[in-house]
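Visitor: A predicted structure for the sequence below; I have some questions about it.
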Amino acid sequence: MSKTPALALLASDTPRAQEAAEALQAEIRFVPLEEADVAVVLGGDGQMLHALHEMLDAGHVIPAYGINYGTVGFMMNKPKSTRSLEERIARAKQLTITPLAMTATLGSGKKETRLAINEVSLLRETRQTARLEVAVNGKVRMAELFCDGVMVATPAGSTAYNLSANGPILPLTSALVALTPISPFRPRRWRGAILPDHYEMTFRVLDPDKRPVAAVADQKELRDILEVQVKVARDEQLTLLFDPGKTLEERIFAEQFQV
(Lines give C-alpha, C1' and ligand atoms only; values in the text may rest on other atoms or scores of the structure.)
Protein backbone atom coordinates (compact mmCIF):
# COMPACT_ATOMS: atom_id res chain seq x y z
CA MET A 1 0.00 0.00 0.00
CA SER A 2 1.44 3.34 -1.07
CA LYS A 3 0.02 5.41 1.79
CA THR A 4 -0.51 4.70 5.45
CA PRO A 5 -4.01 3.20 5.58
CA ALA A 6 -6.62 4.26 8.10
CA LEU A 7 -7.30 1.29 10.39
CA ALA A 8 -10.50 0.12 12.07
CA LEU A 9 -10.32 -2.27 15.02
CA LEU A 10 -12.87 -5.09 15.35
CA ALA A 11 -12.20 -7.29 18.39
CA SER A 12 -14.12 -10.22 19.82
CA ASP A 13 -15.35 -9.95 23.41
CA THR A 14 -13.00 -12.65 24.74
CA PRO A 15 -10.52 -11.55 27.45
CA ARG A 16 -7.46 -12.26 25.25
CA ALA A 17 -8.79 -10.26 22.31
CA GLN A 18 -9.91 -7.37 24.52
CA GLU A 19 -6.50 -7.23 26.23
CA ALA A 20 -4.77 -7.14 22.83
CA ALA A 21 -7.19 -4.45 21.64
CA GLU A 22 -6.39 -2.23 24.62
CA ALA A 23 -2.66 -2.59 23.94
CA LEU A 24 -3.07 -1.64 20.27
CA GLN A 25 -5.33 1.31 21.06
CA ALA A 26 -2.60 2.72 23.29
CA GLU A 27 -0.26 2.80 20.27
CA ILE A 28 -2.46 3.40 17.21
CA ARG A 29 -5.30 5.76 16.40
CA PHE A 30 -8.14 3.68 14.99
CA VAL A 31 -11.10 5.08 13.07
CA PRO A 32 -14.70 3.88 12.66
CA LEU A 33 -15.16 1.07 10.15
CA GLU A 34 -16.91 3.30 7.62
CA GLU A 35 -13.85 5.60 7.50
CA ALA A 36 -11.20 2.87 7.35
CA ASP A 37 -9.06 1.46 4.56
CA VAL A 38 -8.21 -1.77 6.41
CA ALA A 39 -10.06 -3.65 9.16
CA VAL A 40 -7.89 -5.18 11.90
CA VAL A 41 -9.76 -8.16 13.33
CA LEU A 42 -8.80 -9.65 16.70
CA GLY A 43 -10.17 -13.06 17.65
CA GLY A 44 -10.68 -16.35 15.84
CA ASP A 45 -12.23 -17.44 12.58
CA GLY A 46 -15.71 -16.79 13.97
CA GLN A 47 -14.83 -13.16 14.65
CA MET A 48 -13.37 -12.81 11.15
CA LEU A 49 -16.59 -14.17 9.63
CA HIS A 50 -18.59 -11.76 11.79
CA ALA A 51 -16.40 -8.83 10.66
CA LEU A 52 -16.66 -9.74 6.98
CA HIS A 53 -20.44 -10.02 7.22
CA GLU A 54 -20.57 -6.68 9.03
CA MET A 55 -18.72 -5.09 6.12
CA LEU A 56 -20.98 -6.75 3.56
CA ASP A 57 -24.10 -5.61 5.41
CA ALA A 58 -22.75 -2.05 5.67
CA GLY A 59 -21.78 -1.92 2.00
CA HIS A 60 -18.22 -0.92 2.95
CA VAL A 61 -15.98 -3.87 2.04
CA ILE A 62 -12.28 -3.29 2.77
CA PRO A 63 -9.30 -5.63 3.22
CA ALA A 64 -9.23 -7.43 6.57
CA TYR A 65 -6.08 -8.30 8.52
CA GLY A 66 -6.80 -10.84 11.24
CA ILE A 67 -4.74 -11.62 14.35
CA ASN A 68 -5.50 -14.91 16.03
CA TYR A 69 -6.75 -14.73 19.60
CA GLY A 70 -9.12 -17.64 19.08
CA THR A 71 -8.70 -21.39 18.68
CA VAL A 72 -7.87 -22.46 15.12
CA GLY A 73 -7.34 -19.20 13.28
CA PHE A 74 -7.28 -20.42 9.68
CA MET A 75 -8.17 -16.94 8.46
CA MET A 76 -5.88 -15.15 10.91
CA ASN A 77 -2.21 -14.23 11.40
CA LYS A 78 -0.06 -15.14 14.38
CA PRO A 79 -0.28 -12.73 17.34
CA LYS A 80 3.45 -12.31 17.91
CA SER A 81 5.83 -10.58 15.52
CA THR A 82 8.96 -8.48 15.69
CA ARG A 83 7.31 -5.99 13.32
CA SER A 84 4.76 -3.34 14.18
CA LEU A 85 1.15 -3.76 13.10
CA GLU A 86 1.56 -1.07 10.44
CA GLU A 87 4.64 -2.83 9.04
CA ARG A 88 2.85 -6.17 8.95
CA ILE A 89 -0.09 -4.70 7.07
CA ALA A 90 2.22 -2.91 4.60
CA ARG A 91 4.00 -6.21 3.82
CA ALA A 92 0.87 -8.38 3.79
CA LYS A 93 -0.17 -10.41 0.77
CA GLN A 94 -3.73 -10.04 -0.50
CA LEU A 95 -6.00 -13.03 -0.97
CA THR A 96 -9.43 -12.76 -2.56
CA ILE A 97 -12.31 -15.01 -1.53
CA THR A 98 -15.80 -15.11 -3.00
CA PRO A 99 -18.91 -15.88 -0.93
CA LEU A 100 -21.99 -17.85 -1.87
CA ALA A 101 -25.40 -16.27 -2.40
CA MET A 102 -28.31 -18.25 -0.94
CA THR A 103 -31.84 -17.43 -2.06
CA ALA A 104 -34.42 -19.22 0.09
CA THR A 105 -38.14 -19.48 -0.66
CA LEU A 106 -40.15 -19.59 2.55
CA GLY A 107 -43.50 -21.24 3.18
CA SER A 108 -45.15 -17.85 2.87
CA GLY A 109 -43.78 -17.52 -0.65
CA LYS A 110 -41.37 -14.77 0.41
CA LYS A 111 -37.80 -14.97 -0.88
CA GLU A 112 -34.83 -14.13 1.36
CA THR A 113 -31.20 -13.77 0.21
CA ARG A 114 -28.18 -14.30 2.45
CA LEU A 115 -24.42 -14.44 1.79
CA ALA A 116 -22.17 -17.21 3.08
CA ILE A 117 -18.37 -17.04 3.22
CA ASN A 118 -17.91 -20.64 4.42
CA GLU A 119 -21.00 -22.64 3.54
CA VAL A 120 -24.73 -22.79 2.97
CA SER A 121 -26.40 -25.63 4.88
CA LEU A 122 -29.86 -27.16 4.80
CA LEU A 123 -30.59 -28.88 8.12
CA ARG A 124 -33.51 -30.91 9.43
CA GLU A 125 -35.48 -29.10 12.14
CA THR A 126 -36.97 -32.15 13.90
CA ARG A 127 -36.18 -35.80 14.57
CA GLN A 128 -37.45 -36.61 11.08
CA THR A 129 -34.79 -36.78 8.39
CA ALA A 130 -34.93 -34.19 5.64
CA ARG A 131 -36.25 -35.27 2.23
CA LEU A 132 -34.71 -33.19 -0.53
CA GLU A 133 -34.53 -32.99 -4.30
CA VAL A 134 -31.12 -31.90 -5.60
CA ALA A 135 -30.78 -30.13 -8.96
CA VAL A 136 -27.68 -28.69 -10.66
CA ASN A 137 -28.06 -26.08 -13.40
CA GLY A 138 -31.78 -26.83 -13.56
CA LYS A 139 -31.37 -30.60 -14.04
CA VAL A 140 -32.47 -32.92 -11.24
CA ARG A 141 -29.47 -35.01 -10.24
CA MET A 142 -31.00 -36.67 -7.20
CA ALA A 143 -34.77 -37.09 -7.04
CA GLU A 144 -34.75 -37.99 -3.33
CA LEU A 145 -32.07 -37.48 -0.70
CA PHE A 146 -32.95 -38.52 2.85
CA CYS A 147 -30.43 -37.01 5.24
CA ASP A 148 -29.81 -34.84 8.29
CA GLY A 149 -28.87 -32.13 5.82
CA VAL A 150 -26.68 -31.05 2.94
CA MET A 151 -24.26 -28.19 2.40
CA VAL A 152 -22.47 -26.25 -0.30
CA ALA A 153 -19.00 -25.15 0.84
CA THR A 154 -16.54 -22.68 -0.65
CA PRO A 155 -12.82 -23.49 -0.80
CA ALA A 156 -12.32 -21.11 2.14
CA GLY A 157 -14.97 -23.00 4.11
CA SER A 158 -14.00 -26.49 2.99
CA THR A 159 -11.84 -27.06 6.08
CA ALA A 160 -14.64 -26.05 8.48
CA TYR A 161 -18.08 -27.71 8.83
CA ASN A 162 -17.62 -29.34 5.42
CA LEU A 163 -14.52 -31.24 6.56
CA SER A 164 -16.21 -32.41 9.76
CA ALA A 165 -18.97 -33.89 7.57
CA ASN A 166 -16.31 -35.81 5.59
CA GLY A 167 -16.41 -33.37 2.69
CA PRO A 168 -13.37 -32.70 0.49
CA ILE A 169 -10.74 -30.04 1.11
CA LEU A 170 -10.68 -27.68 -1.87
CA PRO A 171 -7.59 -25.65 -2.87
CA LEU A 172 -8.41 -21.97 -2.63
CA THR A 173 -7.70 -21.29 -6.32
CA SER A 174 -9.58 -24.37 -7.55
CA ALA A 175 -12.76 -22.55 -8.76
CA LEU A 176 -14.79 -25.38 -7.22
CA VAL A 177 -17.44 -25.85 -4.55
CA ALA A 178 -18.16 -28.92 -2.45
CA LEU A 179 -21.66 -30.41 -2.32
CA THR A 180 -21.59 -32.51 0.84
CA PRO A 181 -24.39 -34.56 2.46
CA ILE A 182 -24.75 -34.61 6.25
CA SER A 183 -25.48 -38.13 7.56
CA PRO A 184 -27.15 -39.41 4.37
CA PHE A 185 -29.65 -42.20 5.00
CA ARG A 186 -30.76 -42.85 1.44
CA PRO A 187 -28.79 -43.21 -0.78
CA ARG A 188 -26.56 -44.27 2.08
CA ARG A 189 -23.34 -44.48 0.10
CA TRP A 190 -23.56 -41.06 -1.57
CA ARG A 191 -20.55 -38.99 -0.56
CA GLY A 192 -21.40 -35.78 -2.37
CA ALA A 193 -19.95 -34.02 -5.40
CA ILE A 194 -17.31 -31.48 -6.40
CA LEU A 195 -18.70 -28.89 -8.81
CA PRO A 196 -17.36 -25.95 -10.85
CA ASP A 197 -18.13 -22.74 -8.99
CA HIS A 198 -20.12 -21.30 -11.91
CA TYR A 199 -22.80 -23.99 -11.45
CA GLU A 200 -26.04 -23.20 -9.64
CA MET A 201 -27.59 -25.63 -7.18
CA THR A 202 -31.26 -25.90 -6.20
CA PHE A 203 -32.57 -27.86 -3.23
CA ARG A 204 -36.32 -28.48 -2.99
CA VAL A 205 -37.85 -29.62 0.29
CA LEU A 206 -40.17 -32.48 -0.68
CA ASP A 207 -42.13 -32.81 2.56
CA PRO A 208 -41.91 -29.44 4.35
CA ASP A 209 -44.82 -30.06 6.75
CA LYS A 210 -43.72 -33.45 8.06
CA ARG A 211 -39.98 -32.93 7.55
CA PRO A 212 -39.27 -29.20 8.04
CA VAL A 213 -35.88 -27.86 7.01
CA ALA A 214 -33.87 -24.80 8.03
CA ALA A 215 -31.38 -23.03 5.76
CA VAL A 216 -28.22 -21.51 7.23
CA ALA A 217 -25.77 -19.15 5.51
CA ASP A 218 -22.77 -19.19 7.84
CA GLN A 219 -24.46 -18.26 11.15
CA LYS A 220 -27.66 -16.75 9.68
CA GLU A 221 -30.64 -19.13 9.84
CA LEU A 222 -33.98 -19.13 8.04
CA ARG A 223 -36.81 -21.57 8.77
CA ASP A 224 -39.94 -22.86 7.04
CA ILE A 225 -37.98 -23.52 3.84
CA LEU A 226 -39.53 -24.71 0.58
CA GLU A 227 -36.56 -24.25 -1.75
CA VAL A 228 -33.01 -22.96 -1.69
CA GLN A 229 -30.90 -21.80 -4.63
CA VAL A 230 -27.14 -21.42 -4.22
CA LYS A 231 -24.60 -19.78 -6.50
CA VAL A 232 -21.31 -17.92 -6.20
CA ALA A 233 -21.73 -14.17 -5.60
CA ARG A 234 -18.99 -12.87 -7.89
CA ASP A 235 -19.86 -9.23 -7.27
CA GLU A 236 -19.24 -9.58 -3.51
CA GLN A 237 -15.53 -10.44 -3.37
CA LEU A 238 -13.65 -10.07 -0.10
CA THR A 239 -9.96 -9.49 0.58
CA LEU A 240 -7.95 -11.04 3.40
CA LEU A 241 -4.42 -9.94 4.28
CA PHE A 242 -1.76 -12.41 5.38
CA ASP A 243 1.84 -12.21 6.48
CA PRO A 244 4.18 -13.46 3.71
CA GLY A 245 4.34 -17.27 3.60
CA LYS A 246 1.34 -17.71 5.91
CA THR A 247 -1.59 -17.42 3.52
CA LEU A 248 -4.91 -19.23 3.83
CA GLU A 249 -4.12 -20.98 0.55
CA GLU A 250 -1.02 -22.59 2.06
CA ARG A 251 -2.90 -23.58 5.23
CA ILE A 252 -5.68 -25.25 3.27
CA PHE A 253 -3.12 -27.09 1.12
CA ALA A 254 -1.22 -28.28 4.22
CA GLU A 255 -4.44 -29.49 5.85
CA GLN A 256 -4.71 -32.21 3.16
CA PHE A 257 -1.60 -33.86 4.63
CA GLN A 258 -2.81 -33.90 8.25
CA VAL A 259 -3.38 -37.35 9.75
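Guide: Received it, and whenever you're ready, just let me know what you need. Numbering: from 1, shown residues only.
Visitor: Touching stretch 25-44 from outside, list them.
Guide: For stretch 25-44, contacts defined as CB atoms under 8 Å, 6 or more residues apart in numbering pick out 1, 5-12, 14, 17, 20-21, 24, 47-48, 51, 54-55, 58, 60, 62-73, 76, 85-86, 89, 241. For the C-beta atoms, the positions are set from N, CA and C on the backbone; glycine is no exception.
Visitor: I'd like to know which of the residues you listed are buried.
Guide: 5, 7-12, 17, 20-21, 24, 47-48, 51, 55, 62-70, 73, 76, 85, 89, 241 (16 or more other CB atoms under 10 Å).
Visitor: residues in contact with stretch 101-111?
Guide: Stretch 101-111 is contacted by residues 112-116, 120, 208, 215, 217, 222-233, 236 when judged by CB under 8 Å, 6+ apart.
Visitor: quick one: that stretch to chain centroid distance?
Guide: Relative to its chain's centre, stretch 101-111 lies at 20 Å (CA atoms, centre = their mean, to the nearest Å).
Visitor: same deal with stretch 47-65?
Guide: The answer for stretch 47-65 is 12 Å, by CA atoms, centre = their mean.
Visitor: same check, this time on stretch 244-253
Guide: Using CA atoms, centre = their mean, the offset of stretch 244-253 from its chain centre is 17 Å.
Visitor: Buried residues in that stretch, which are they?
Guide: Buried-residue list, stretch 244-253, by 16+ other CB under 10 Å: Thr247, Leu248, Glu249, Arg251, Ile252.
Visitor: Per-residue pLDDT of the second one, please?
Guide: The reference is to Leu248. Model confidence at Leu248, expressed as pLDDT, equals 77.
Visitor: ok, it touching Phe242?
Guide: Yes - Leu248 is within contact range of Phe242, at 6.5 Å (criterion: CB atoms under 8 Å).
Visitor: so what sits against both of the two?
Guide: With CB under 8 Å, 6+ apart as the test, Leu248 and Phe242 both reach Leu95.
Visitor: Name the surrounding residues that touch the longest strand along the chain.
Guide: The strand that spans the most residues within the chain, counting by DSSP state E, is strand 139-153. Outside strand 139-153, the residues that touch it by CB under 8 Å, 6+ apart are 100, 118-124, 129-135, 160-162, 165, 167, 170, 177-187, 190, 193, 201, 203, 206, 213, 230.
Visitor: average model confidence for the next helix or strand after it?
Guide: For strand 139-153, the following helix or strand on the C-terminal side (DSSP states H and E) is helix 161-164. Helix 161-164 carries an average pLDDT of 94.
Visitor: buried residues in helix 161-164?
Guide: Buried residues in helix 161-164, counted by 16+ other CB under 10 Å: Tyr161, Asn162, Leu163.
Visitor: Strands along the stretch 1-150 of the chain, start to end?
Guide: 7-11, 38-43, 64-68, 93-97, 100-106, 111-116, 119-124, 130-136, 139-153 (DSSP state E, counting those that start in this stretch).
Visitor: Minimum distance to Lys80: which of those has it?
Guide: Nearest of the strands of the stretch 1-150 of the chain to Lys80, taken as CB to CB: strand 64-68 at 9.5 Å.
Visitor: lowest-confidence helix or strand of the chain?
Guide: Every helix and strand of the chain was ranked by mean pLDDT, DSSP states H and E. The lowest is helix 248-255, at a mean of 78.
Visitor: got the contact list for it?
Guide: With contacts defined as CB under 8 Å, 6+ apart, helix 248-255 is touched by 74-75, 95, 97, 155-156, 158-159, 163, 169-173, 240, 242.
Visitor: what do you get if the cut-off is 6 Å, keeping everything else the same?
Guide: Helix 248-255 is contacted from outside by Phe74, Leu95, Thr159, Ile169, Leu172, using CB atoms under 6 Å, 6 or more residues apart in numbering.
Visitor: For the fourth one, give me the pLDDT.
Guide: By that I understand Ile169. 93.
Visitor: Touching, it and Ser158? I think so.
Guide: Yes - under the criterion of CB atoms under 6 Å, Ile169 makes contact with Ser158 at 5.2 Å.
Visitor: More neighbours: which of those two?
Guide: Ser158 (26 against 19; other CB atoms under 10 Å).
Visitor: Many thanks, have a good one.
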